[in-house]
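S.K.: model the following, please.
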Amino acid sequence: MRAKTKMIHSGITGEKQTGAVSVPIYQVSTYKQDSAGNHRGYEYSRTGNPTRHALETVIAELENGKAGAAFGSGMAAITSVMMLFDSEDHIIMTDDVYGGSYRLITKVLNRLKLEHTFTDTSSPASVETAINEHTKAIYVETPTNPLLKITDIQKMSEIAKKHGLLLIVDNTFATPYWQRPLELGADIVLHSATKYIGGHSDVVAGLVVVNTEELAQEIYFIQNAVGAVLGPQDSWLLMRGIKTLALRMEAIEANTRKIVSFLESHEKVPTIYYPGLESHPGHEVASKQAAGFGGMVSFDVGSGKAAEKVLAAVNYFTLAESLGAVESLISLPAKMTHASIPAARRKELGITDGLIRISIGIEDAEDLIEDLEAALA
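M.R.: Presented below is the predicted three-dimensional model:
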């Protein structure tokens, strides 16, 4: 089955009893049992819900994994994956990581004595150096947020296998339409499904897909024990979003190429971060492991003051957190998505006060270009 067809026909796609083409929303908390302990596959909706199960089946097939799990947010998904590890275990994480992930590992999981090292995972040598006797996993974002750095997933898989580690990949920016980390050797793939998979700024959710039955059982146990599950309404919205994911990703990328071309030629934009550019240091790896470059672009306008002026002047770009929606969004990472990262650390990474991040939508590209042109002026 080819990718576009897979978005429509993967997993559980309807309901047999009535012939409904869309999976129903099972808005139910508990289920009648035929006798004590003898149920029909479902007993309590934290443990399992037919609508959520349909979504979990779809995402597992899209990522070519063994099983999927749906959570109440991307952060709930990441937290649940981190609960696979024990106190004093050590995790290597991409340095340019989403601010929420940074906050989780440095302000919450550190209380449980889960150790971590942030390193440039686009450099295999840096990862090798960071490994110690307590290391249990390598956690990668690729492309990263917000600097769009690229990590070679296959190379990370080789390192992980060499040292007996799990490889976890946050695939939010690329989506399973453009990139499938499990096929490249990852063990676990994560999504903030709030973003491209949902695609309409109307749902908050997280997804996890694993490549073995053992990991599937562990994640399911944690999901049920912790209870950070996705509700049936939101599960249904995600399944609806997935049906148009291929079309949206192609339209978004076509728009992004035009906008990047415009930004490249603009005198007030000295620095652009986009893996689709041949000048991007990760372009060759991105071209090898992904079928597309996505719709996320970051660019630097030189100062926080200049960036604030751009944000105040746009009309079609909505100033908001999040990304991956049908509407184009614009943000200032230093004050928004990455504000939880200390200023000194942001400076070290290159997340300047003048760095603007845009998430391209499916509007007419010329309108978006004219909007940016007027704002930059």
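S.K.: which residue ranges form the helices in the stretch 101-250 of the chain?
M.R.: With DSSP state H, counting those that start in this stretch, the ranges of helices along the stretch 101-250 of the chain come out as 124-130, 153-163, 175-178, 213-226, 232-243, 245-264.
S.K.: buried deepest among the ones you listed, which one?
M.R.: Stretch with highest mean neighbour count among the helices of the stretch 101-250 of the chain: helix 175-178 (a mean of 26; mean count of other Cβ atoms under 10 Å). All C-beta atoms are positioned from the backbone trio N, CA, C, and that covers glycine.
S.K.: domain-wise, how is this structure divided?
M.R.: 3-243, 246-376 (automatic domain parsing).
S.K.: any idea what sits nearest residue 330, other than its immediate chain neighbours?
M.R.: residue 317 (4.0 Å; Cβ to Cβ, 6 or more residues apart in numbering).
S.K.: ugh, wrong one, I meant residue 117
M.R.: residue 130 (4.6 Å).
S.K.: could I get the domains of the chain as JSON lines with mean pLDDT?
M.R.: Formatted as JSON lines, the domains of the chain follow (pLDDT from 0 to 100):
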{"stretch": "domain 3-243", "mean pLDDT": "96"}
{"stretch": "domain 246-376", "mean pLDDT": "96"}
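S.K.: on that earlier part again, which one of the helices of the stretch 101-250 of the chain lies nearest to residue 23?
M.R.: Nearest to residue 23 among those is helix 232-243 (6.3 Å), distances taken as Cβ to Cβ.
S.K.: what packs against that closest one?
M.R.: Taking 3 or more Cβ pairs under 8 Å, 6 or more residues apart in numbering; DSSP states H and E as contact, the helices and strands that helix 232-243 lies on are helix 3-9, helix 50-62.
S.K.: now the shortest one: buried residues?
M.R.: When you say that, I think you mean helix 3-9. Neighbour counts over helix 3-9 (16 or more other Cβ atoms under 10 Å) mark 6-7 as buried.
S.K.: by contact count, what packs against it?
M.R.: Using 3+ Cβ pairs under 8 Å, 6+ apart, helix 3-9 is in contact with helix 50-62, helix 232-243, helix 245-264.
S.K.: before we move on, what SS does residue 338 have?
M.R.: Counting by DSSP: H, G, I helix; E, B strand; the rest coil, the backbone at residue 338 sits in coil.
S.K.: who touches the nearest residue to it once chain neighbours are set aside in this structure?
M.R.: Leaving aside its sequence neighbours, residue 338 sits nearest to residue 99 (Cβ to Cβ, 6+ apart; 4.0 Å). Remark: with contacts taken as Cβ atoms under 8 Å, 6 or more residues apart in numbering, residue 99 is in contact with 333, 337-341.
S.K.: just read off the phi/psi values of residue 99.
M.R.: Main-chain torsions, residue 99, degrees, to the nearest 10: phi -60, psi -40.
S.K.: that one and residue 368, how far apart?
M.R.: Separation of residue 99 from residue 368 (Cβ to Cβ, to the nearest Å) stands at 25 Å.
S.K.: and the spatially most central residue of the chain, how far is that from residue 247?
M.R.: The centroid of the chain falls nearest to residue 172 when counting by Cα atoms, centre = their mean (1.8 Å). In this structure, residue 172 and residue 247 are 19 Å apart, going by Cβ to Cβ.
S.K.: same check, this time on residue 236
M.R.: Distance of residue 236 to residue 247, given as Cβ to Cβ: 19 Å.
S.K.: angle of the helix or strand containing residue 78 against helix 213-226?
M.R.: Here residue 78 sits within helix 74-82, counting by DSSP states H and E. Interaxial angle, helix 74-82 versus helix 213-226 (axes from the mean of the first three to the mean of the last three Cα atoms, to 10 degrees): 120 degrees.
S.K.: who touches helix 74-82?
M.R.: Residues outside helix 74-82 that contact it (Cβ under 8 Å, 6+ apart) are 69, 71, 91, 100-101, 104-105, 108-109, 114, 168, 170, 172, 188, 190-195, 204-208, 219, 222-223, 226, 228.
S.K.: and stretch 279-288, by the same measure?
M.R.: Under the contact criterion Cβ under 8 Å, 6+ apart, stretch 279-288 has outside partners 122, 143, 148-152, 273-277, 293.
S.K.: leaving aside the residues next to it on the chain, what's closest to residue 314?
M.R.: residue 375 (4.7 Å).
S.K.: what comes up buried for whichever strand or helix holds that neighbour?
M.R.: Residue 375 is part of helix 365-376 when elements are defined by DSSP H and E. Going by neighbour count (16+ other Cβ under 10 Å), the buried part of helix 365-376 is 365, 368-369, 371-372, 375-376.
S.K.: with only the CA atoms kept, save stretch 265-281 in CSV.
M.R.: The C-alpha trace of stretch 265-281 is given here as CSV (Å, rounded to 0.1, in the frame of the first residue of the first chain):
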residue,chain,number,x,y,z
SER,A,265,16.8,36.9,-1.2
HIS,A,266,15.7,39.3,1.6
GLU,A,267,18.4,41.7,2.9
LYS,A,268,16.9,41.7,6.4
VAL,A,269,17.2,38.0,6.8
PRO,A,270,20.9,37.0,7.1
THR,A,271,20.3,33.6,8.6
ILE,A,272,17.7,30.9,7.6
TYR,A,273,17.3,27.4,9.1
TYR,A,274,15.6,25.0,6.8
PRO,A,275,16.9,21.5,5.9
GLY,A,276,15.6,21.8,2.4
LEU,A,277,18.4,24.3,1.6
GLU,A,278,21.5,22.7,0.1
SER,A,279,23.5,25.1,2.3
HIS,A,280,22.0,23.5,5.4
PRO,A,281,24.6,21.3,7.2
